[in-house]
Structures are given as structure tokens and as C-alpha cells.
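*Asks:* structure for the following, please:
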Amino acid sequence: MGREELAHKRQIEREQAAYARSLNEAKRERLRAAYKIILNAAEEYEAAIQQLNYVFEGETKETRDKRLNTSLHKDLEGK
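*Replies:* Numbers count the residues shown, from 1 in each chain. Reported below is the predicted structural model:
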């Protein structure tokens with residue numbers, strides 16, 4: 001194998017490794033974004049559970065439940 005062929009082979013290997021790294025980084029970012037949504041939703045669920053014992057002044061149980069449900073759906077959608 002000549003010097004140019006070897007250099008070309010190594011260049012291709014480097015490019016393939018860089019491509020594999022970029023795929024792994026993209027996957028990592030997608031997972032991180034998904035975990036962030038799940039963590040936020042878990043925190044919101046915890047807060048909602050604590051608020052189920054309380055009704056704000058002027059609020060009925062139904063309006064409280066609707067407010068908490070809306071908040072939970074928003075967090076599950078990642079907003």
C-alpha cells in the first residue's frame with residue numbers, strides 16, 4: 001500500500017469516526033431534552049400532589065383540579 005493510499009485510508013477512518021461522534025452527540029442531546037421534560041413533569045406532579053390538599057381562596061375543588069391538570073399537561077408537552 002502506497003503512502004497516498006494509506007493517507008487516504010486514514011482520512012476516511014477519521015471522517016467515519018467524526019460522523020459516528022456526531023451521531024452519538026445528537027442522540028445524547030435528544031435524550032437530555034427528553035429527560036429534562038420528564039424531570040420537569042415529575043417536579044410538577046410533586047407540586048400538584050401537595051396542592052391537592054389545598055384550595056386557594058375563591059377557588060373550588062373543580063377549578064383547582066382544572067388548574068393543576070392544565071399545568072401538568074403543559075409540563076408534559078415541554079412548555
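*Asks:* show me what the helix or strand hosting Glu4 is packed up against.
*Replies:* Using DSSP states H and E, Glu4 sits within helix 3-51. If you count contacts as 3 or more CB pairs under 8 Å, 6 or more residues apart in numbering; DSSP states H and E, helix 3-51 packs onto helix 61-76. In short, each C-beta sits where N, CA and C put it, glycine included.
*Asks:* tell me how far Glu29 lies from Gly2.
*Replies:* 41 Å (CB to CB, to the nearest Å).
*Asks:* what does Ala34 give?
*Replies:* In this view, Ala34 and Gly2 are 48 Å apart by CB to CB.
*Asks:* nearest residue to Tyr45 other than its sequence neighbours?
*Replies:* Leu72 (6.5 Å; CB to CB, 6 or more residues apart in numbering).
*Asks:* pull the contacting residues for that neighbour.
*Replies:* For Leu72, the contacting residues are Ala41, Glu44, Tyr45, Ala48, by CB atoms under 8 Å, 6 or more residues apart in numbering.
*Asks:* mind checking which of those residues are buried?
*Replies:* Among the contacts of Leu72, those buried by neighbour count (16 or more other CB atoms under 10 Å) are Ala41, Glu44, Ala48.
*Asks:* tabulate these (CSV), appending pLDDT and distance to Thr60.
*Replies:* Output for the buried ones among the contacts of Leu72, formatted as CSV (pLDDT from 0 to 100; distance: CB to CB, whole Å):
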residue, pLDDT, distance to Thr60
Ala41, 83, 25
Glu44, 84, 21
Ala48, 85, 16
